[in-house]
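> Turn this into a model:
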Amino acid sequence: MERDGTPFGYEPGTGPGVFLREESTLRRHRLGAVFLALAMALAAGLALTPPAYADTSGTTQNYGNGLCLTPDNGVTGALVRQQPCDRITTGARNLMQEWDLICKDANCGVRQYRNNGSGLCLRARGPGGPSNGLQIMLWACNQISDLNWMNRPGPVAGTFVLESRIAGSTGYCLDVPGGSWTPGVALQLYQCNQTPTQAWQMLFPVIE
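A predicted model of the protein is given here:
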């Protein structure tokens with residue numbers, strides 16, 4: 001209020017209604033600024049929050065030849081081969097071609113790949129340690145290092161390589177022998193070389 005009793009911002013001849021409208025508009029602007037600041041702070045907080053590690057299920061396809069990771073059957077010791085991806089060729093979902101990514105440490109750096117159709121895990125069987133040509137098979141999921149894998153960035157954007165963690169770091173990756181395009185070829189372990197034969201991508205991911 002002014003000393004003479006008139007409101008601040010009041011000009012003679014404008015009328016009290018004009019002052020009230022201006023004050024209401026000012027309040028709305030202030031509230032809008034507050035809400036905008038809150039929204040920006042919330043968005044910034046969400047952007048800085050690291051993503052939660054969720055187990056993911058999906059079809060694993062080789063980038064080099066377009067074939068999918070498929071075990072012979074759902075029995076322990078079944079070899080894992082490359083086969084046409086059913087979701088692409090027929091549109092049908094094939095649980096034997098789907099794999100669950102199971103985090104084995106707090107940062108989800110080490111994982112096991114559990115076959116969705118059999119409940120068994122991807123294993124590089126290496127009783128003598130890792131070496132070129134080791135067979136890839138299904139095995140009961142447990143704590144042996146033969147079952148552990150680590151995702152590494154692949155040679156092409158959006159792809160990854162699967163490095164075996166037999167007895168820790170190995171430098172050996174899931175590989176298509178000779179870069180073959182033939183369906184039915186059994187997969188192997190081979191020295192990591194950042195070629196398309198070792199590049200994989202997850203198709204049709206399903207969050208569990």
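> any idea how far the residue positioned nearest the centre of the chain is from E163?
For the chain, the residue sitting closest to the mean C-alpha position, by Cα atoms, centre = their mean, is T56 at 6.9 Å. To E163, T56 is 18 Å away according to Cβ to Cβ, to the nearest Å. Every C-beta, even on glycine, is put in place using the N, C-alpha and C of the backbone.
> same question, K104
Taking Cβ to Cβ, one finds K104 at 14 Å from E163.
> These two: who's more crowded?
Of the pair K104 and E163, E163 is the one with more neighbours under other Cβ atoms under 10 Å, namely 23 against 16.
> Domain parsing of this structure, as residue ranges.
1-49, 56-207 (automatic domain parsing).
> most packed of those domains?
domain 56-207 (a mean of 18; mean count of other Cβ atoms under 10 Å).
> where in the protein is pLDDT low?
1-55, 206-208 (pLDDT under 70).
> show me what contacts the residue lying closest to G109 once chain neighbours are set aside?
Using Cβ to Cβ, 6 or more residues apart in numbering and skipping the chain neighbours, the partner closest in space to G109 is M150 (6.0 Å). For M150, the contacting residues are 109-111, 162-163, 165, by Cβ atoms under 8 Å, 6 or more residues apart in numbering.
> and M150, what helix or strand is that in?
Under the criterion of DSSP states H and E, M150 resides in strand 149-153.
> Adjacent strands (with direction) for that strand?
When pairing is defined by DSSP bridges, strand 149-153 lines up against strand 110-115 (antiparallel), strand 160-164 (antiparallel).
> residues in contact with the longest one?
Contacts with strand 110-115, where a contact means Cβ under 8 Å, 6+ apart, come from 60, 71, 74, 96, 98-104, 120-122, 138, 141, 147-151, 162, 165.
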